[in-house]
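Asker: turn this into a structure:
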Amino acid sequence: MRRGIVLGILLALGGLVAVKAQPPAADAPKVVDVEKVNDRLYVLRGANGGGNVAVFLTASGVVVVDAKNPGWGTPILNKIKELTPKPVTTLINTHTHGDHVSGNVEFPATIDFVAQENTKVNMEKMPIFKEHNGVGLPKRTFKDKMTIGNGADQIDLYYFGRGHTNGDAWIVFPALRIVHSGDIFAGKSVPLIDEANGGSMMEMSATLMKAYNGIKNVDAIINGHTPAQTTWADLKEYADFNKDLVTWMEAALYCNWLSEQEGLPPAYEKKGETLVAVNPMTKGYRLPTDAEWEWVARYEGGGKLRRYPWGDSLPVTPRSGNYADETARLIVLDVIPDYDDGFAATAPVGKFPANNLGLQDLGGNVAEWVTDYYIVTADIGQTLVDPLGPTDGKQHVIRGASWKHSGVTDLRLSARDFGEGARNDVGFRIARYAD
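Answerer: This next block holds a predicted model:
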């Protein structure tokens, strides 16, 4: 007997960029722009140069934080000579990534190179350091905290956990009340997560909050990639923003937590560093399967399948759902002409009519994670009953249009997308077997 399924909805905002540094063309001009923060601290930027560089003048020499893309080490050193006759004594790297560490190889091999211990391990894997026989790799590392210098020259290095990578260092200049955050807070944008180098979307928000609460007496932040500094209050806002990001993993973990609260067996179990659906499926809370989502979204009765959330033809019926409408023109590239649902981005749950099964927001508002791994499906000439999708993969299926969508293909209930990290237009719907 086919078991009944109960579905509800929980919406969440999110946004994620998977990151892999891409160096610019080698022959691109390397112009270093200088911002004087005060008499002892400068920020070096440059088009196509990579991450922001901090230059701190101490009594004994110059401490540099990060070194940009390949070929930028020498321009950085030349610019420093214009700022001060003092020699460079130390280069600190905020994290591994070519646009922050590649310039290391052009710095004198005699200076002190410093990084968090995980960053050193990651840097040792990079071809540029193998090609230069290890020149520029960290000579000194730290685990959680290190202090360099004292008094007005003191620099505190902190590591609070995984986020952008597994070695993101916060470089604090206490006397100046300024910190260099690298790319764990690259700017006020969607987070940058490098899972290949230990980054974690799941731990990002907690790590940011640990930094916010653990570092004292800071007013300004030199971010990894902003044209100007941000404030300490901006870090709190960014940490709070990251709380609302929902990856597939977080959605699955929430379902397991909800099952635990009600004494139900978990629907997902750990497999390596990820979660997979228990097979056969339990009665615990979970995400719908791809097939379940499609059935409840397209069900018309009488053997018919609905094409769009509002029916089978265009144009979009007024107030039929929260899509990319006229009110969203300032935040999306394309909108549905002459359509106004009253919400530029997400709307509260249940603001639009339910479908024939009493379910709301299956089209519009946010797209939704489902349990299945993503594959390109083909007609195999047979009928499958309650298919669960492939047993492994790298990306999960995303179903339904969102407030960002206006195209005919995206609005169809048969449309499928895929991903793994959070997006600011993806949430999730919870389900479980009713018996």
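Asker: tell me the helix or strand right after the lowest-mean-pLDDT helix or strand in the chain.
Answerer: Ranking every helix and strand in the chain by mean pLDDT, DSSP states H and E puts strand 17-18 at the bottom, with a mean of 42. Later in the chain than strand 17-18, the nearest helix or strand by DSSP states H and E is strand 33-38.
Asker: most remote residue from the middle of this protein, which is it?
Answerer: In terms of distance from the mean C-alpha position of the chain, residue 302 ranks first, at 43.7 Å (CA atoms, centre = their mean).
Asker: now that residue: how far from residue 356?
Answerer: Taking CB to CB, to the nearest Å as the measure, residue 302 falls 11 Å from residue 356. All C-beta atoms are positioned from the backbone trio N, CA, C, and that covers glycine.
Asker: likewise for residue 390?
Answerer: As judged by CB to CB, residue 390 and residue 356 stand 30 Å apart.
Asker: ok, now residue 249?
Answerer: 32 Å.
Asker: who has more neighbours, the two?
Answerer: Each of residue 249 and residue 356 has its neighbours counted (other CB atoms under 10 Å); residue 249 has more, 20 against 11.
Asker: looking at this, the more buried one is in a strand?
Answerer: No - Residue 249: not assigned to a strand; according to DSSP: H, G, I helix; E, B strand; the rest coil it is helix.
Asker: who are the contact partners of it?
Answerer: Counting by CB atoms under 8 Å, 6 or more residues apart in numbering, residue 249 makes contact with 201, 202, 274, 275, 420.
Asker: for residue 259, see how far away it is.
Answerer: Residue 249 sits 16 Å away from residue 259, taking CB to CB as the criterion.
Asker: what number of residues lie near residue 134?
Answerer: Residue 134 has 12 neighbours, counted by other CB under 10 Å.
Asker: helix, strand or coil: sort out it for me.
Answerer: coil.
Asker: not counting residues beside it along the chain, what's closest to it?
Answerer: Counting by CB to CB, 6 or more residues apart in numbering, residue 134 lies nearest to residue 124, which is 7.9 Å off, once chain neighbours are set aside.
Asker: equivalent analysis for residue 228, please.
Answerer: residue 35 (7.9 Å).
Asker: over to the closest residue to residue 289 other than its chain neighbours: give its phi and psi.
Answerer: Spatial nearest neighbour of residue 289, excluding adjacent residues (CB to CB, 6+ apart): residue 371 at 5.1 Å. Here is the backbone geometry of residue 371 (degrees, to the nearest 10): phi -70, psi -40.
Asker: cool, and the one 3 residues further on?
Answerer: Per-residue torsions, residue 374: phi -90, psi 130 (degrees, to the nearest 10).
Asker: just residue 173 next, same as before
Answerer: Note on residue 173: its backbone torsions stand at phi -110, psi 90 [degrees, to the nearest 10].
Asker: before we move on, what about residue 213?
Answerer: Phi and psi for residue 213, reported as degrees, to the nearest 10, are phi -80, psi -20.
Asker: going forward, count from 18.
Answerer: Got it, first residue is 18 now, which makes that one residue 230.
Asker: mind giving me the domain split of the chain?
Answerer: The chain breaks down by automatic domain parsing into domains covering 18-33+262-452, 37-260.
Asker: pull the distance from the longest one to the chain's centre.
Answerer: Remark: domain 37-260 is offset 19 Å from the chain centroid, using CA atoms, centre = their mean, to the nearest Å.
Asker: for stretch 300-315, same thing?
Answerer: In terms of CA atoms, centre = their mean, the gap separating the centre of stretch 300-315 from the centre of its chain is 26 Å.
Asker: where does the stretch 118-267 of the chain have low pLDDT?
Answerer: Under the criterion pLDDT under 70, the flagged ranges of the stretch 118-267 of the chain are 207, 261-262.
Asker: partner residues bridging residue 59?
Answerer: For residue 59, the beta-bridge assignment (DSSP bridges) gives partners residue 53, residue 72.
Asker: got the contact list for it?
Answerer: By CB under 8 Å, 6+ apart, the neighbours of residue 59 are 51, 52, 53, 71, 72, 100.
Asker: ChimeraX command for the buried members of those?
Answerer: Selection of buried members from the contacts of residue 59 for ChimeraX, criterion 16 or more other CB atoms under 10 Å:
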select :71,72
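Asker: backbone phi and psi for the residue nearest to residue 331 when sequence neighbours are not counted, please?
Answerer: Once flanking residues are discounted, residue 331 sits nearest to residue 425: 7.0 Å by CB to CB, 6+ apart. Phi and psi for residue 425, reported as degrees, to the nearest 10, are phi -60, psi -40.
Asker: now do residue 93
Answerer: Main-chain torsions, residue 93, degrees, to the nearest 10: phi -60, psi -50.
Asker: so what's the residue count around it?
Answerer: Residue 93: 25 surrounding residues under other CB under 10 Å.
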